[in-house]
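> Next come a sequence and a model predicted from it.
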Amino acid sequence: MTDEQRLELLKDIAGTKTYDERRKESLKVMAETDSRTEQINEVISQLEKRLGELEGEKEELEQFRSLDTERRSLEYAIYDKELVSATEKLDALEKSREDSYEEAKGLHKTAAQLRRQMESLGDEVKILTEQIEQQKEKLEVLKSDQQKYAEEKARCEMKVKAHKDKMEADTSNRASASDNLQNVTAQISKITSDLAKVTSQYEKSSGEEARLKHQLQLQKQRLHSLCAKKGRAQQFRSKADRDKFLKRKLKEIKVEQESNSKQTKQIQKEFKGLEKVLKNIDSKVEEKSGSLDKKKEDIKKISKDIEGFNTKRNEANHQRKKYWRVDNEKKKEQTAWREKLELSMTEMKRSMDRHLYSALRAVRGFVKEEKIEGYYGPLIGLFKCDKKFRKCVEITASNRLFQIVVDNDKTASRIIDYLAKKKAGRLTFMPLNRLNDKNVDYPVSSDALPMIDQLEYDSKFQRAMQQVFGGTLITRDLETGTKFSRTHRLNTITMDGDQVNKKGALSGGFVEHTSRLTAFENKMEAEGRLKKIKEEKDKIEAKIETQNQIEAKITGQINKSYAEKRHLRNVCDQLQVDVKRLRKDSQLEKTKQKNLERELTRLQGEASQFKAQMESLQSEIRSDLVDDLNSQDQSELDALTSETTELEQKLIEISNVRAE
């Protein structure tokens, strides 16, 4: 049995292989347990965060339901109260109308006011109805989200429970594995200690055995030389024959010595090469181990970055959904205002001639396309007045409300040429450079108000306003109007639209009034709101696009991080394989090194034998040929015989100890 076989036998007896296998299995179980624990902690943190969001949304939904119930109660009370009040007023008006014409006229005014209020309330009711519909849609969305989140919560709870059960099982397995690991570690420590002692004794015995073998070989060689010297006289006839034989023997030994020297140098060279290889392998192991540790730290850092990216992506997704909800609200608001715009434009169209409406529309498109400066638009859009004066103002201006105000006659001529060329209709223009100022002396009285003073407009349109509304008074009643018209030679009009011309003509009576100013104001308001809503909607859509880009960018970063993490794991696996391979190579090289050491020791022993033989032969050549050994050689022979026997006995004992 060789030394290597004996060493393997010792390892088997000591249980080293079994320990290595159990240690690998324990480490594998611990690594899997740590990985599962980390995954479970990540899932639990995400679930807890999601549950917090769901609780917040649940509270908001409960608050909305409470407010919605309260709002409905208030609406019902308001509508009921208004209905009762309106019914009472209508009954009173009906009774009053039967009493007298004057009271009927007053009730007519009250009914008209109530009609306007009803229209206003109808608009408010429509707006509130739309808001209710929006809130209902929101409620449906929230209910859908709640149901979806409830299902998600149930699934998550099931997952959490499963993961908890799995974690408890893993914890139990880990505890068992930890106990086994402690036992195995204790056994390893004991076996390692025993192995170190045995190894130390084995190496000491091996060294002593090698020393005794070398010494025994030298003594046997010397014994052989002395015995050969003792029989030279019977072997050779003369000293010359003996010397010739000895010289030939010396030559043979020298050749073997040279061969031994070459082998020794070659082995020493290989030994140095192995030292360099081992040093290089150790350097690579250290380098790859450091790189492996760094890659593991990088993997941990990337995992942390991925967690941060996921949080940012969830925040961006939540913000995007928030913008979507706002965008949907803006779309509904935009649709409502478009309906209002269409309604106001329809009212405007009904209040004027069809050709006049077409001409105004054509001029508006032409001015916008050509970007004409000096075009100020129809007179109706250049002033504002209190609602109570709108009826008398509209009756006074009549179709002059749609006359076009421009800066000069050149601008007017350019637009007129366009209308003629396109056959788009006819319009009346008021070039400000052609209009004259009117200096009118208005009476100072609480019964008559100059109409132009009740209008709000830019001072640069003073001439146009004077042209249409100058010289007209608003009076308390028709009698007062007649009086002021006769004394001050001014046109007068009552709040109900009864007119007195300064030449004495009177006009009045009942007229179904549809306010052009109100329709135009509604149109301008709708256009302004639509423009503002479009700007807000564009901003929201830009924000949505920005959030989409942010989310896409974060998703790209997450994918990149995952790819980098996979790459690093592959690199770590490869580094672990490389380190294991290098350590195995190092062990093989160390085994080769020990073999070379043993071979070198053997060659050095042979070199010592060759040297001793040569010295012995050279000494014999210088001596005479005799039949027997001299006293000194004989004493040496006897001593060597005794020492050889002792050395053989010691060698047997040392070999037995090493084998044990």
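Received the coordinates, thanks.
> can you give me the helices in the stretch 551-660 of the chain?
Along the stretch 551-660 of the chain, counting by DSSP state H, counting those that start in this stretch, helices occupy 631-659.
> ugh, wrong one, the stretch 151-300 of the chain
232-235, 239-350.
> Which other helices and strands does the longest one contact?
Put plainly, it is helix 239-350. Where contact means 3 or more Cβ pairs under 8 Å, 6 or more residues apart in numbering; DSSP states H and E, helix 239-350 is packed against helix 101-230, helix 516-622. (C-beta placed from N, C-alpha, C; glycine too.)
> If I average pLDDT within each of the ones you listed, which one is lowest?
Mean pLDDT is lowest for helix 101-230 out of the helices and strands packed on helix 239-350, coming in at a mean of 70.
> residue contacts, Lys296?
Going by Cβ atoms under 8 Å, 6 or more residues apart in numbering, Lys296 touches Cys572.
> picking up where we left off before, compare the mean pLDDT across the helices of the stretch 151-300 of the chain and name the weakest.
Minimum mean pLDDT among the helices of the stretch 151-300 of the chain: helix 232-235, a mean of 56.
> Going by secondary structure, Leu473 is in what exactly?
Assigning secondary structure by DSSP states H and E places Leu473 in strand 472-475.
> gap between that strand and the chain center?
Distance of strand 472-475 from its chain centroid, counting by Cα atoms, centre = their mean, to the nearest Å, is 71 Å.
> Mind giving me the packing neighbours of that strand?
Partner elements for strand 472-475 (3+ Cβ pairs under 8 Å, 6+ apart): strand 448-450, helix 478-488, strand 491-494.
> Which among these is found nearest to Lys384?
The closest of these to Lys384 is strand 448-450. By Cβ to Cβ, the value is 16.2 Å.
> distance of Ala186 from Leu473?
117 Å (Cβ to Cβ, to the nearest Å).
> Can you pick out the residue with more neighbours from those two?
Higher neighbour count among Ala186 and Leu473: Leu473, with 24 against 10, using other Cβ atoms under 10 Å.
> Chain neighbours aside, what residue packs nearest to Thr487?
Pro443 (7.7 Å; Cβ to Cβ, 6 or more residues apart in numbering).
> doesn't Arg486 make contact with that neighbour?
No. Pro443 sits out of contact with Arg486 when judged by Cβ atoms under 8 Å, with a separation of 11.9 Å.
> Quickly list what's touching both of those two.
Contacts common to Pro443 and Arg486, judged by Cβ under 8 Å, 6+ apart, are absent.
> how deep is the nearest residue to Arg569 once chain neighbours are set aside tucked in, by neighbour count?
Distance criterion Cβ to Cβ, 6+ apart; nearest residue to Arg569, sequence neighbours excluded, is Ile299 at 6.6 Å. By the criterion of other Cβ under 10 Å, Ile299 has 18 neighbours.
> which residues does Ile299 contact?
Lys565, Leu568, Arg569, Cys572.
> dump the residue contacts of the residue nearest the centre of the chain.
With distances taken as Cα atoms, centre = their mean, Phe309 lies nearest the centre of the chain, 3.2 Å away. Neighbour list for Phe309: Ile554, Gln557, Ile558, Ser561 [criterion: Cβ under 8 Å, 6+ apart].
> For Ile281, grab the count of nearby residues.
Ile281 has 20 nearby residues by other Cβ under 10 Å.
> Which helix or strand contains Met352?
Going by DSSP H and E, Met352 is not in any helix or strand.
> That one reaches Ser398, doesn't it?
No. Assessed by Cβ under 8 Å, Met352 is found out of contact with Ser398, at 10.4 Å.
> tell me the secondary structure for the residue nearest to Arg489 when sequence neighbours are not counted?
Closest residue in space to Arg489, ignoring its immediate chain neighbours: Lys502 at 5.0 Å, by Cβ to Cβ, 6+ apart. Following DSSP: H, G, I helix; E, B strand; the rest coil, we place Lys502 in the coil state.
> phi, psi of Lys502?
As for Lys502, its main-chain torsions (degrees, to the nearest 10) stand at phi -60, psi -20.
> Could you check how far it is from Arg476?
On the measure of Cβ to Cβ, Lys502 and Arg476 end up 18 Å apart.
> Check Val468 too.
Distance from Val468 to Arg476, by Cβ to Cβ: 23 Å.
> Mind checking which of the two has more residues around it?
More crowded of Val468 and Arg476, by other Cβ under 10 Å: Val468, with 21 against 14.
> correct me, but the more buried one touches Thr396?
Yes. Counting by Cβ under 8 Å, Val468 touches Thr396, with 7.5 Å between them.
> coming back round to it: now the strand holding Leu473: average pLDDT?
Rounded mean pLDDT across strand 472-475 is 88.
> Please apply the same query to stretch 60-77.
Mean predicted confidence for stretch 60-77 is 84.
> do stretch 396-408 as well
87.
> Provide the contact partners of it at residue level.
With Cβ under 8 Å, 6+ apart, stretch 396-408 has contacts from 352-353, 356, 360, 363, 373-380, 382, 394, 412, 415, 427-434, 451, 461, 464, 468-469, 472, 491, 493, 499, 516-517.
> In helices, which of the residues you listed fall?
Using DSSP state H, the members of those that fall in helices are Leu356, Leu360, Val363, Glu394, Ala412, Ile415, Ala464, Val468, Phe469, Arg516, Leu517.
> which one among those gets closest to Arg71?
For the ones in helices among the contacts of stretch 396-408, the nearest to Arg71 is Leu517 (33.8 Å; Cβ to Cβ).
> still on that earlier bit, would you tell me which of the helices and strands packed on helix 239-350 gets closest to Ser303?
helix 516-622 (6.9 Å).
> give me phi/psi at Ile404?
Torsion angles, degrees, to the nearest 10, at Ile404: phi -90, psi 130.
> partners of it in the sheet?
Pro378, Phe429 (DSSP bridges).
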